[in-house]
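Colleague: here is my input, please return the structure:
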Amino acid sequence: MKHLLLWTFGFASFAFGQVSDSVSLQSGYTNESYYSFANGEVSNVDNYDWDLAFETSSFGSAVRLNRKRAKLWVSPAQVSDWSTTLDTNGMAAGWDQLVNGYEFWSQGALNMAAQGSQTDLGWGEYNTVTHVVEGSRIFVLELSNGNYKKLMIEELASGTYQFVFADLDNANEVNASLAKSTYATKNFGYYNLETEMEVDREPAASDWDLVFTNYVLELGPGYYAGVTSALHNAGDSTSEVSGVPVATSMYNTFDQEINTIGYDWKTFNMSTYTYDIVTDLSYFVSTSSGDVWKIVFTGFGGSSDGKIYFTKEQVEFAGVPTYAGANLDIHPNPAGNSVKINYANTIKSIQLVNMNGQVVYSSNENGFGNASIDVSQLQNGVYFLNVTGTAGDVAVKKLVVQH
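Modeller: Numbering: from 1, shown residues only. As a prediction, this is how the structure comes out:
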């Protein structure tokens, strides 16, 4: 019983309840917001101050493009022809324009040039002997100032990206590098081709869960447009639950794809010229720290102010013991009147705890492996059912009450 009381106390100390919050991407979506469920907005940064982002994880090699500022094509030219004027005839009609993938952070636009080989990383070829990624393609960028540049990532060796860019006729050549170690606590290091400078703009990876941003997708063949959404951090995962009232929704399978939240939680109303929020749609984000948060979108201001409104609620807590519930069966779930409990061991006591950490039901049992409890007077919502066995074993399962 002592163990169960400690668990209940810990649960109550971690419970926050539902909180309303908002972030702003500013007018025209010029900024993006890095957000922590536990601490709120971590940073709100200019999203137009960089062109390339270089992955900094130990084995990462992604090079992402800021499509809000630049367009990117892969050239048919050979890297051995770098020093000659780059011929762009046929670029508009036949060259592949590349954008980032948004299933995983590793899907950088420059990586999208890969042809399927295990060692082809898009911008370079992995040398299995030297363990160096050697540049294998030349790219053309149209920058936000209208200038065209050619670009080659020459190599990734010993944790440092070496790259070169120049005018198409090879004038104004710049050799640059970016060391992963400089941004060791972050997912990416950034570079601005116009200022020829690195940009330190991303908070430490351990400090945020979501980044609210506007990014460019190819929504149809050759049709590129910006969409506004939240992408989860590397190491996190998200579960989307639709068609269920948000007050009683429970997560299903968690997805590693960073764009699981997507941008379709809102629709543009052509009559009012405002955005309608999709009801009965909620998301659960499992963070790398072990917490699970529920987020429900409640409003969207569009490009006028870039504001995104939502509620958040912590539904699982890191540091709270998670006991195997495999030997505990509860049904029905969701329940409206009563719940039958079947436990593999003999039951000593039962507690039902709400999301505020309050014990709403408690009973001492007779040592059998089954029991039934009345939930007809409880409010709709999510609860934790704690069963303590006569041997001191504890099992916990979530119970949804829905009348």
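Colleague: which ones are touching the residue nearest to the spatial centre of the chain?
Modeller: Compute the mean C-alpha point of the chain, and by C-alpha atoms, centre = their mean the closest residue is H232, 1.0 Å away. For H232, the contacting residues are D209, L210, T238, I258, T260, I261, V285, by C-beta atoms under 8 Å, 6 or more residues apart in numbering. In this view, the C-beta of every residue, glycine as well, is placed from N, C-alpha and C.
Colleague: below-threshold pLDDT in this protein: ranges please.
Modeller: Regions of the chain meeting the criterion pLDDT under 70 cover residues 1-17, 318-326.
Colleague: just to revisit the earlier point, the contacts of H232 in helices, which ones?
Modeller: Nothing among the contacts of H232 maps onto helices, per DSSP state H.
Colleague: can you name the two of these that are farthest apart?
Modeller: Pairwise distances across the contacts of H232 (C-beta to C-beta) peak at 12.9 Å, for the pair D209 and T260.
Colleague: between these two, which is the more surrounded one?
Modeller: Shown here are D209 and T260; by other C-beta atoms under 10 Å, D209 has more neighbours (26 against 21).
Colleague: distance check, the more buried one against S80.
Modeller: D209 sits 45 Å away from S80, going by C-beta to C-beta, to the nearest Å.
Colleague: do A230 as well
Modeller: Note on A230: its distance to S80, by C-beta to C-beta, is 43 Å.
Colleague: try D305
Modeller: To S80, D305 is 50 Å away according to C-beta to C-beta.
Colleague: of these two, who's got more company?
Modeller: Between D305 and S80, counted using other C-beta under 10 Å, D305 has the larger neighbour count: 14 against 8.
Colleague: and that one, how far from V42?
Modeller: In terms of C-beta to C-beta, D305 sits 20 Å off from V42.
Colleague: could you do S303 as well?
Modeller: 23 Å.
Colleague: neighbour count: these two, which is higher?
Modeller: Between S303 and V42, counted using other C-beta under 10 Å, V42 has the larger neighbour count: 18 against 14.
Colleague: now do the contacts for that one.
Modeller: V42 makes contacts with Y34, Y35, S36, P203, D207, W208, as judged by C-beta under 8 Å, 6+ apart.
Colleague: what's the closest of those to N342?
Modeller: Using C-beta to C-beta, these come closest to N342 at S36, 39.7 Å.
Colleague: wait, what's in contact with that closest one?
Modeller: Going by C-beta under 8 Å, 6+ apart, the list of residues near S36 reads V42, D207, W208, D209.
Colleague: possible to save these as a markdown table with distance to L219?
Modeller: Shown next, in a markdown table, are the contacts of S36 (distance: C-beta to C-beta, whole Å):
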| residue | distance to L219 |
| --- | --- |
| V42 | 30 |
| D207 | 32 |
| W208 | 27 |
| D209 | 27 |
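Colleague: among those, which are in strands?
Modeller: Assigned to strands by DSSP state E, the following of those qualify: V42.
Colleague: among the contacts of H232, which one has the most neighbours?
Modeller: L210 (28 neighbours).
Colleague: so who does Q18 touch?
Modeller: The neighbours of Q18, taking C-beta under 8 Å, 6+ apart as the test, are T311, K312, E313.
Colleague: got the domain ranges for the protein?
Modeller: Split into domains by automatic domain parsing, the chain comes to 16-31+209-316, 52-199, 323-401.
Colleague: now, which of the contacts of Q18 sits nearest L328?
Modeller: Using C-beta to C-beta, E313 comes nearest to L328 of those, at 24.1 Å.
Colleague: how many neighbours does the closest one have?
Modeller: Look at E313: counted by other C-beta under 10 Å, it has 20 neighbours.
Colleague: kindly report the same for V199.
Modeller: Under the criterion other C-beta under 10 Å, the count of neighbours that V199 has is 17.
Colleague: so how far is N66 from it?
Modeller: The gap separating V199 from N66 is 10 Å, by C-beta to C-beta.
Colleague: list the residues that contact both of those two?
Modeller: Counting by C-beta under 8 Å, 6+ apart, the common neighbours of V199 and N66 are W50.
Colleague: the stretch 201-350 of the chain: strands as residue ranges?
Modeller: Secondary structure of the stretch 201-350 of the chain by DSSP state E, counting those that start in this stretch: the strands cover 210-220, 223-232, 237-242, 266-269, 274-277, 281-286, 292-300, 307-316, 328-331, 338-343, 347-354.
Colleague: circling back: nearest to V99 among the contacts of Q18?
Modeller: Nearest member of the contacts of Q18 to V99, counting by C-beta to C-beta, is K312, at 30.1 Å.
Colleague: wouldn't the closest one be in contact with I295 here?
Modeller: Yes. Here K312 reaches I295: they are 5.2 Å apart, a contact under C-beta atoms under 8 Å.
Colleague: what touches both of the two?
Modeller: Shared contacts of K312 and I295, defined by C-beta under 8 Å, 6+ apart, comprise F37.
Colleague: would you map the helices across the stretch 101-250 of the chain?
Modeller: In the stretch 101-250 of the chain, no segments count as helices under DSSP state H, counting those that start in this stretch.
Colleague: about what we covered before: looking at the domains of the chain, which is nearest to D46?
Modeller: Closest to D46 of the domains of the chain is domain 16-31+209-316 (C-beta to C-beta; 6.0 Å).
Colleague: next one: that closest one to chain centre, how far?
Modeller: Taking C-alpha atoms, centre = their mean, to the nearest Å, the mean C-alpha location of domain 16-31+209-316 is offset from the chain mean by 10 Å.
Colleague: list the buried residues of stretch 378-398.
Modeller: By neighbour count with 16 or more other C-beta atoms under 10 Å, stretch 378-398 contains the buried residues 378, 382-389, 393-397.
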